[in-house]
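*Asks:* Pasted the sequence and its predicted model underneath.
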Amino acid sequence: MLARLVADRLGIEIAKTMSLQYSNQETSVTVGESVRDEDVFILQSTAPGDINDGLMELLIMIHACRTASARRITAVIPNFPYARQDKKDKSRAPISARLIANMLQTAGCQHVITMDLHASQIQGFFSVPVDNLYAEPSVLMWIRENLAVKDCVIVSPDAGGAKRATSIADRLDLGFALIHKERPRPNVVSRMTLVGDVEDKIAILVDDMADTCGTLAKAAETVKNHGAREVVAIVTHAILSGNAIENLNKSCLSKIVVTNTVPLGVKTETCPKLKVIDVAPTIAEAIRRTHNGESVSYLFRHVPV
């Protein structure tokens, strides 16, 4: 439980709250202690299949604290919901990420802390401060500790993630490759083309989220067919919905490294390839610095000690 790890890191107790659903699926929230004139941080990380309930629970909790006279309310949302719906890419398409931003602010949220937003421009949907933390420092530390860095090459599974992948490649002084993919419809990939050299290298596929993992599995196969010695995937948000675990177990990936921004439950047992990076120290330090009015930018390039 991410909230427990963050609280332990800060040396505080999690506030007593109760959330339940009535028989008609309405959500009821009770805050069991006084928040009057307190700096409140509400951490909500939703699991696949539970996103809408978790979002509603967060909104009601924010509103409950607002009506209870909290001094400041910060929503800590490691995996921002509806982040993939950040633009109008076809006729009559909603910009749902903007709607979520409006809902959070209407409920009473005065500050947002999140991690590896799918698109950085989502920060512009808010009129309150948004701190977008990065998993990159933790990822770099994991690569240096677990892989032979000089034998690696960083690969972006799509053009959209090129900036993220090149940033990691630059920090490690490594080569970079890119996969161009064509999608006939969402969550379906028809063809992939590799641009770059991965011959006899450890290919590290870098992405911000893994949903059904069809893209990752196909990207790993493409890289392997081009002569990669080993393929490792590093993903921030392990949504892993549908038949994702089956896709990963069947894939030629040797490891899938994810962070704990999304609750994984029993998935680590059903998929032995899954390795977890704990980002609780980064989130906890961001909360501490926010509360004390200190700069958070240090965390963009460093892992808290």
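*Replies:* Yep, that arrived. Numbering: from 1, shown residues only.

*Asks:* hey, let's count contacts and neighbours off CA atoms from now on
*Replies:* OK.

*Asks:* What separation do you get for residue 211 and residue 238?
*Replies:* 7 Å (Cα to Cα, to the nearest Å).

*Asks:* again with residue 96
*Replies:* 21 Å.

*Asks:* okay, residue 211 and residue 238: which has more neighbours?
*Replies:* A direct count of neighbours by other Cα atoms under 10 Å for residue 211 and residue 238 places residue 238 higher, at 28 against 18.

*Asks:* who does the more buried one bridge with?
*Replies:* residue 210 (DSSP bridges).

*Asks:* With residue 61 as the reference, measure out to the residue most central in space within the chain.
*Replies:* Centroid-nearest residue in the chain: residue 237, 3.6 Å away (criterion: Cα atoms, centre = their mean). Remark: distance between residue 237 and residue 61 (Cα to Cα) = 24 Å.

*Asks:* Same question for residue 152.
*Replies:* Taken as Cα to Cα, the span from residue 152 to residue 61 is 45 Å.

*Asks:* So the two - more neighbours on which side?
*Replies:* More crowded of residue 152 and residue 61, by other Cα under 10 Å: residue 152, with 26 against 22.

*Asks:* can you tell me which residues contact that one?
*Replies:* Residue 152 makes contact with 174-175, 201-204, according to Cα atoms under 8 Å, 6 or more residues apart in numbering.

*Asks:* List only those of those flagged as buried.
*Replies:* Buried by 16 or more other Cα atoms under 10 Å: 175, 201-204, out of the contacts of residue 152.

*Asks:* Could I get the residues you listed in a markdown table, plus columns for pLDDT?
*Replies:* Shown next, in a markdown table, are the buried ones among the contacts of residue 152 (pLDDT from 0 to 100):
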| residue | pLDDT |
| --- | --- |
| 175 | 94 |
| 201 | 95 |
| 202 | 96 |
| 203 | 96 |
| 204 | 96 |
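
*Asks:* which intervals of the protein have sub-threshold pLDDT?
*Replies:* Within the chain, the segments meeting pLDDT under 70 span 183-184, 186-190.

*Asks:* can you list the domain ranges for it.
*Replies:* The chain breaks down into these domains under automatic domain parsing: 2-134+281-300, 136-277.

*Asks:* and the shortest one, how far apart are its ends?
*Replies:* Between the opening and closing residues of domain 136-277 lies a distance of 11 Å (Cα to Cα).

*Asks:* Same check on stretch 201-221?
*Replies:* Taking Cα to Cα as the measure, stretch 201-221 stretches 14 Å from start to finish.

*Asks:* Repeat that for stretch 179-199.
*Replies:* One end of stretch 179-199 sits 15 Å from the other (Cα to Cα).

*Asks:* same check, this time on stretch 80-94
*Replies:* Termini of stretch 80-94 sit 17 Å apart (Cα to Cα).

*Asks:* Distance from it to the middle of the chain?
*Replies:* Averaging C-alpha positions (Cα atoms, centre = their mean, to the nearest Å) puts stretch 80-94 17 Å from its chain's average.

*Asks:* Okay, helices next: where are they in the stretch 101-250 of the chain?
*Replies:* 136-146, 162-172, 214-225, 244-250 (DSSP state H, counting those that start in this stretch).
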